[in-house]
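S.K.: my questions are about this predicted structure, shown below with the sequence.
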Amino acid sequence: MSFLHDLPIADLIANYGYIAIFVIITLESAGVPCPGETVLISSAVYAGSTGNLDIAGVIAAAAAAAILGDNLGYWAGRRWGMPLLLRYGHLIALDHGRLKLGQYLFRRHGGKIVFFGRFTAMLRAYAALLAGVNRLDARRFFVFNALGGIAWAGSMGLGSYYCGRSIEKIAGPVGLTLLALVVFGGIALWAFVRRHEARLLVKAETAIPGPLA
């Protein structure tokens with residue numbers, strides 16, 4: 001589906017309006033490489049400059065698509081991700097104990113990943129999938145996912161509507177900063193886990209007793 005990157009975004013928005021916004025952002029949020037944020041920014045700019053789209057409709061379509069797409073990714077990861085890792089995880093040094101540890105850590109910090117992942121290009125398409133694989137509680141996922149989707153659509157939509165394309169100059173650095181924080185945070189978490197793995201494995205077993213389903 002990467003061919004969508006080569007399509008004329010402005011023409012898609014002008015011809016299909018809210019449907020184009022909804023479909024492309026849903027696909028991106030479900031894990032398909034699509035220019036979701038570009039579509040949101042372009043649609044908001046188009047709404048502000050032509051009046052042919054209502055900014056409230058643009059934000060609503062983007063937020064609904066983000067929430068729906070993330071839910072598709074979450075349930076796909078929850079349905080098929082863990083069974084595959086239980087069967088083949090040992091090939092990449094993910095034994096039963098470490099898989100349980102991943103679930104334990106995601107239970108504690110998964111909400112933050114889902115919410116802030118919506119604002120970073122690399123995590124936007126995969127945070128929900130990871131949440132599903134690591135069995136983040138469905139209700140907690142839905143809350144943080146909905147908050148993230150609404151906050152992302154609202155901030156990017158209104159920012160683009162009032163500021164025009166100059167919002168991209170802000171969104172890029174902000175996204176890179178969040179991504180850097182996620183990467184360095186991930187490295188720090190990995191180092192911490194490596195140092196305290198035995199103790200954390202005991203905590204994970206206590207929090208999630210018995211075999212993983």
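M.R.: Cool, got the structure. Being a predicted model, the structure only gives us computed values, none of them experimental.
S.K.: Leu158 in helix, strand or coil?
M.R.: Three-state assignment for Leu158 (DSSP: H, G, I helix; E, B strand; the rest coil): helix.
S.K.: what sits against it?
M.R.: The contact partners of Leu158, by Cβ atoms under 8 Å, 6 or more residues apart in numbering, come to Ala44, Ile55, Ile59. (Each C-beta comes from the backbone N, C-alpha and C, glycine too.)
S.K.: look up how far Ser49 lies from the second one.
M.R.: Look at Ile55 and Ser49: by Cβ to Cβ, to the nearest Å, they are 11 Å apart.
S.K.: before we move on, back to that, most neighbours, which of the contacts of Leu158?
M.R.: Neighbour counts for these, by other Cβ atoms under 10 Å, peak at Ala44, which reaches 29 neighbours.
S.K.: excluding its backbone neighbours, what's nearest that one?
M.R.: Ranked by Cβ to Cβ, 6 or more residues apart in numbering and with sequence neighbours excluded, the top spatial neighbour of Ala44 is Ser160, at 3.5 Å.
S.K.: where do the helices sit along the chain?
M.R.: Assigned by DSSP state H, the helices in the chain fall at 9-16, 18-29, 36-50, 55-76, 82-88, 96-117, 121-124, 127-133, 138-163, 167-195, 197-207.
S.K.: for the second one, give me every contacting residue.
M.R.: Translated: helix 18-29. 1, 4, 12-13, 34-36, 39-40, 43, 53, 57-58, 61-62, 64-70, 72-73, 124-125, 128, 149.
S.K.: lowest average confidence across helices and strands of this structure, where is it?
M.R.: Every helix and strand of the chain was ranked by mean pLDDT, DSSP states H and E. The lowest is helix 167-195, at a mean of 57.
S.K.: any idea how far Leu72 is from Ala20?
M.R.: Distance, Ala20 to Leu72, using Cβ to Cβ: 18 Å.
S.K.: what is the neighbour count of Arg140?
M.R.: 14.
S.K.: next: Arg139.
M.R.: As a measure of burial, Arg139 has 8 neighbours, counting by other Cβ under 10 Å.
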